[in-house]
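Novice: model this:
(chains A, B and C)
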Amino acid sequence: MATKHLLASGHTACAGCGQAIAARLVVDAAGSDVIIANSTGCLEVFSNIYPRTAWEVPWIHSLFENPASVASGIEAGLRSLGKLDNVRVIAQGGDGSSADIGFQAISGMFERGHDILYVCYDNGAYMNTGVQRSSQTPFDASTTTTPSGKKSFGKKMPKKDLALIFAAHGIPYSATASVAFPTDVQRKVKRALDIRGPKYLQIFVPCPLGWRHDPALTYDIARLAVETGLFPVIEYRDGELASVRKIDAPKPVEEYLKPQGRFRHLFSAPGGEEEIEKIQAIADANIRKFNMVKERPKKEEKMPELKKFTLEKLAKCDGKEGRPAYVAYKGKVYDVSKNNLWSDGDHMGMHEAGRDLTADMEDAPHGEDNMLDMPVVGELEG
Amino acid sequence: MLVPIVAKPGTSRRNLTGSWRTMQKPHFLQQNCIACRRCLLICPEGCIEGDKKNTYHTDYDYCKGCGNCVAICPKDDIEMVPEETEL
Amino acid sequence: MKEFIEGSAAIARTIKMCKPGVISAYPITPQTHIGENLVQFIANGEMECQFVNAESEHSSASIILGVSAVGVRAYNSTSSQGLLLMAEVLYSIAGMRFPLVITCANRAVSSPINIWNDQQDSVTLRDSGWIQFYAENNQEACDLHIQAYRIAEDQNISLPVMVCVDGYILTHAVEVVNLPDQEQVDGFLPPLKPLHVLDPQDPVSMGVLYDPSSYMETRYAIQETMSEALELIPRVASEFKEMFGRESGGLIQEYRTSDADKVIVAMGSVVSTVKEVVDEMRGEGEKVGAIKVITHRPLPSQALYDSLKDVPEIAVLDKSISLGAAGPLHMDLKYTFQGKNVSPKISGFVAGLGGRDITRDSIREIFDRLSGEQINCQFVNLDVEQMVNAT
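Specialist: Numbering: from 1, shown residues only, chains lettered A, B, ... in the order given. Reported below is the predicted structural model:
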C-alpha cells in the first residue's frame, strides 16, 4: 500500500535527520488542508531547491525570523476569504528561528491570538549555518560558538524553557514531543489543530551531524533524552500542566551524553566528571519538577474486593457514547479511559475496548507494563 | 516579465537519494513483523511502505541507509546488510 | 467631493475605498494617524477589513506578505526607522512579486534621532525592486495610492509599490483634497487576481531556494518589469485623468521648462516651493523652470532626458544623500545624461535634511549658483556657527 506522505522522498536531509522525521510526521498528521509558513533553516533548505520541492501542501518561506508573522497574515487573509474553517495554518522553524531571532514574532502572534499552530523543531543549535549555539543548546554542549577547550566546557547556560514561556502567553495548548515517540507527535499535532486559537509544539529532533553521532542512533538518542529526564515530554492546557510522559527508571545522563561528539569533552577533559554531575542535576530537577517517575502500586498492598465482569458485561464497556472503556488482561479488568493512547475505546486504530486483549499483547510493540500500570476495576468471571 | 518563482508539489521525487548509500542497506526480514508501523513512521525519507504483517519494505531508490528502522523495530525484524547483498 | 482634511486622514479615506482585506501597521511618527484613522473605520463597521496590530514593522511587513500570498489585497504604512526595520522584508516581497502597496511618510533616519521630514528613508530602499512614487501635495498623495494598486496588481507587473509623502509637511497639513467616490474607485480598481496563491486545492512552494544557476534570471525579470512599468505608469495616469478628471501621477511633471535656461529637478512637496519661485522669477524675466520627479523607481531616464535635453543648466535638489558620494537623484540625472550628445551642467544640492526648512531664498540662490561652475554636492542652508568648533 503506497503511503502518500505530504513531505515527499527525494529531499536532501542528512541520513538519519531527526527534523526530517518530525517534519513529515507533522504534515502527515495535519493533512492536506493546511498552509505552512517555514523559516530559513535546514528544513527549508533540504526540502526544496528550485525547481524541486518535497512539499505536497501549500508552503511558503520568506525569511529567517518571520514565519510566525507570515502565518499571521495568511490566517488573517484566510479569515477575510471565509476559508479559515477549512484550512489550518502552521508556522514552523528550527530552534534557531523559534527561540532566538524569530522569538518576538511568535510572541506577537500568540498574544494576538491567531488560530495557528507553531512547531519548533528543537535540535539545540543553528544547524543550517554550521552548528552555532542557540538558546536551546543544552548546558555544556560544544558548538562552534560555544566550543569546548582548555578554558571551556561548552555552553554555560541551560535551555530556556520555551513551552513554559509560550504557555504563559495564555494560549490554550503548549506542549513538547519527541521523534522517539512518533505516534505521540502525530497525536499532539492533531490535538492541537482541533483547537481554534494559538498552539505551540516543540519537537525534540536529534541531529547526527551537529551532535556528532551515528545516524543510526537518532531514535535511540531521542529516547535517551526522555528516559534520562533531560527532555520532559509534557502538555500545558490553558497554562496548567496537563500531562507528563512518565518514565520507569530514569537512566543516568551518561548513557545519553556518551554517544554524542558534542559532549565528548566531558569524558576526557579534567573536571568533566563534575560537569556531568551538573547535567545529572538538571535531569533530576526535571524529574522532580514534573513528577516524572511512574508510580507502582506496592505489591504488599491489599487489593480491594474486585467487581466481577462477564464477557457480556465487559462488552458494554466499549468506551463509546460516554460509556467507560475497560479491557481485560490476564483475568483482570483495567480502566483504559484515561490513558493517552486510548481514545473513545480505540487504541491505535487496532484494538477495541470492551474485550479480552490477553492474546493481543503478544503482537504489541510494547510490554505488558503499559497495561499493568492502568487502574484495575475488576476481574473477569470464568 | 515573469520567470517561475514557485515550485510544483512533490517534484523532489526526481532526486533519487538512494545513490547516497555506500556501505549498507536495510533488509526487511518479513518474518516476525507485527505491522506496528514504527519503521514507516521513523524513516526520515518516508520511503518505507507496508500494510499487513510481514509486508513492510523500503524503496531503495530513496533509502539513505541511516539504520533507524533497525533501531526502532520491536521485533528485530529488520537488519542492516552490506550494500552489495542480493536481496 | 472636496474636503478640508488632514493629509493622513485623506490617505486613510482613500485606502478605505481601495478595499484592502487586511491591514497591518505599527505606530511611528509621523504616519501613525493613517493607521489610527483606518482602524477607527473598521471599529465603526465602515470597512470589511481586519487590522492586525503587529508588534514591530518587521512583523507588519511580513504579515502583509502572508496576506498577499493567499490572494487578498493588503496595506501597510510606515516611516524612517520602521521602513529600515522592515527593509529585508521589503526585498523579500519584491523578490516574491507580491502586489502590495505601502505608504512611506518620509522622515529622517537615526542617528541622531530626528522625527522631521527628509527622504533618506525611502531613497535607501530604491534598490529593492519596489516601484516608488513621490507626492507633491495631498491630492497627489491620495491619487497615487489608487494608481499604485492598479499598477502593482497588473498581471504583467506584479511588483509592490511604495507611495512616499513628506512627513509632517503633507501628513499633518490640512488642505483641500478632492476625494473620489467609491464607485469611481471600484471602476478603476478591478478585484485582485494574483499570479500565485497558497491554496490546498492547488499547492505550490513559494520562496524556494534558488542556486547560482537560477537566481540571476529572477532579478533580470524584475529589471525588465521595471522597464515595462515605465510604459504602464503614464497609461494608468491617463486613464486616471479620464475617470477622475484631473492630472495626477505619471513619471514626471514639467513646469515651465519648454524654453528654460535653468531648471531645478526635485521630488515631493518641495516642488511646490520651487514652482512658486519659478513663477516669481519668470515674472522678473528669468527663464527658469522645474521638473517634478513623481516616479523615482523605475527611473524615468528617457522622460527626463527628453524634457531637459535643451536646458543648459540643471540643478537637482535632493532631500537625502548617499553619504560618501552625492545626492541620489543627482547621480541618477548624471547617469541619464552621460554619453548623450548634449552635456548640460548638472549640479547637485542637498537640502532639507532632518526637516531643515527649504526657503524660497534658498531656491533662488540655487538658481543663481547655476551660472557658475558645476557643483557636485553642496549642502544648502547649513548653520555655519554650529560647525565652527567641528574638527
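Novice: tell me which element the closest residue to chain A within chain C is part of?
Specialist: Going by C-beta to the nearest C-beta, chain A is nearest to residue C:66 of chain C, at 2.4 Å. Every residue, glycine included, has its C-beta placed from N, CA and C. Applying DSSP states H and E as the criterion places residue C:66 in helix C:57-69.
Novice: does that helix come close to chain B?
Specialist: No. Against chain B, helix C:57-69 shows no contacts by C-beta under 8 Å from any C-beta of the partner chain, the least distance being 10.5 Å.
Novice: helices and strands around that helix, which ones?
Specialist: Here helix C:57-69 touches helix A:67-81, helix A:103-112, strand C:22-25, strand C:74-78, helix C:80-85, helix C:87-95, going by 3 or more C-beta pairs under 8 Å, 6 or more residues apart in numbering or on different chains; DSSP states H and E.
Novice: Only C-alpha atoms, please: export the first one in CSV.
Specialist: Taking C-alpha atoms only, helix A:67-81 is exported to CSV below (Å, rounded to 0.1, in the frame of the first residue of the first chain):
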residue,chain,number,x,y,z
PRO,A,67,7.3,32.5,9.8
ALA,A,68,5.1,33.5,12.7
SER,A,69,4.2,36.9,11.2
VAL,A,70,3.8,35.5,7.6
ALA,A,71,1.5,32.9,9.1
SER,A,72,-0.4,35.6,11.0
GLY,A,73,-1.0,37.3,7.6
ILE,A,74,-2.0,34.0,6.0
GLU,A,75,-4.5,33.4,8.8
ALA,A,76,-6.0,36.9,8.5
GLY,A,77,-6.2,36.6,4.8
LEU,A,78,-8.0,33.2,5.0
ARG,A,79,-10.4,34.7,7.5
SER,A,80,-11.0,37.5,5.0
LEU,A,81,-11.8,34.9,2.4
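Novice: thinking again about what came up before, could you redo the helices and strands packed on helix C:57-69 as a markdown table and give each row mean neighbour count, distance to residue B:83 and mean pLDDT?
Specialist: Converted to a markdown table, those look like this (neighbours: other C-beta atoms under 10 Å in any protein chain shown; distance: least, C-beta to C-beta, whole Å; pLDDT from 0 to 100):
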| stretch | mean neighbour count | distance to residue B:83 | mean pLDDT |
| --- | --- | --- | --- |
| helix A:67-81 | 29 | 39 | 98 |
| helix A:103-112 | 22 | 43 | 98 |
| strand C:22-25 | 28 | 54 | 98 |
| strand C:74-78 | 30 | 53 | 98 |
| helix C:80-85 | 23 | 52 | 98 |
| helix C:87-95 | 21 | 42 | 98 |
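Novice: quick one: which of the ones you listed is nearest residue C:33?
Specialist: Proximity to residue C:33 (C-beta to C-beta) singles out strand C:74-78 among those, at 9.6 Å.
Novice: got the angle between the closest one and helix A:67-81?
Specialist: Orientation of strand C:74-78 against helix A:67-81 (axes from the mean of the first three to the mean of the last three C-alpha atoms, to 10 degrees) gives an angle of 130 degrees.
Novice: re the thing from before, so how many other residues sit close to the residue of chain C closest to chain A?
Specialist: Residue C:66: 34 surrounding residues under other C-beta atoms under 10 Å in any protein chain shown.
Novice: quick one: contacts for it?
Specialist: Taking C-beta atoms under 8 Å, 6 or more residues apart in numbering or on different chains, we find residue C:66 in contact with A:37, A:60, A:69-77.
Novice: could you dump the residues you listed to JSON lines with distance to chain B?
Specialist: Shown next, in JSON lines, are these (distance: C-beta to the nearest C-beta, whole Å):
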{"residue": "A:37", "distance to chain B": "15"}
{"residue": "A:60", "distance to chain B": "9"}
{"residue": "A:69", "distance to chain B": "20"}
{"residue": "A:70", "distance to chain B": "15"}
{"residue": "A:71", "distance to chain B": "18"}
{"residue": "A:72", "distance to chain B": "21"}
{"residue": "A:73", "distance to chain B": "18"}
{"residue": "A:74", "distance to chain B": "15"}
{"residue": "A:75", "distance to chain B": "21"}
{"residue": "A:76", "distance to chain B": "22"}
{"residue": "A:77", "distance to chain B": "17"}
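Novice: give me the number of residues near the residue in chain A that chain B sits nearest to?
Specialist: Closest to chain B within chain A is residue A:216: 3.2 Å, counting by C-beta to the nearest C-beta. Around residue A:216 there are 19 other residues, counting by other C-beta under 10 Å.
Novice: tally of neighbours for the nearest residue to it once chain neighbours are set aside?
Specialist: Excluding its sequence neighbours, the residue lying closest to residue A:216 (C-beta to C-beta, 6 or more residues apart in numbering or on different chains) is residue B:67, at 3.2 Å. The local packing of residue B:67 (other C-beta under 10 Å) involves 22 other residues.
Novice: Surely residue B:67 and residue A:213 touch.
Specialist: No. Between residue B:67 and residue A:213 there is no contact under C-beta atoms under 8 Å: 11.9 Å.
Novice: Residue C:139 reaches residue C:247, doesn't it?
Specialist: No. Using C-beta under 8 Å as the test, residue C:139 is too far from residue C:247 to be in contact (10.2 Å).
Novice: With neighbour numbers in mind, choose between the two.
Specialist: Comparing residue C:139 with residue C:247 by other C-beta under 10 Å, the one with more neighbours is residue C:139, at 19 against 13.
Novice: give the contact list for the more buried one.
Specialist: By C-beta under 8 Å, 6+ apart, residue C:139 lies in contact with C:177-178, C:246, C:248.
Novice: Just the buried ones from the residues you listed?
Specialist: C:177, C:248 (16 or more other C-beta atoms under 10 Å in any protein chain shown).
Novice: Please narrow the contacts of residue C:139 to those residing in strands.
Specialist: By the criterion of DSSP state E, membership of those in strands covers C:177-178.
Novice: Please tabulate the contacts of residue C:139 in CSV, including the columns distance to residue A:81 and pLDDT.
Specialist: CSV is the format used below for the contacts of residue C:139 (distance: C-beta to C-beta, whole Å; pLDDT from 0 to 100):
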residue, distance to residue A:81, pLDDT
C:177, 32, 98
C:178, 33, 98
C:246, 35, 96
C:248, 32, 96
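Novice: Backbone dihedrals for the residue of chain B found nearest chain A, please?
Specialist: Going by C-beta to the nearest C-beta, chain A is nearest to residue B:67 of chain B, at 3.2 Å. With angles defined as degrees, to the nearest 10, residue B:67 sits at phi 90, psi 10.
Novice: What separation is there between it and residue A:22?
Specialist: Per C-beta to C-beta, to the nearest Å, residue B:67 is found 18 Å from residue A:22.
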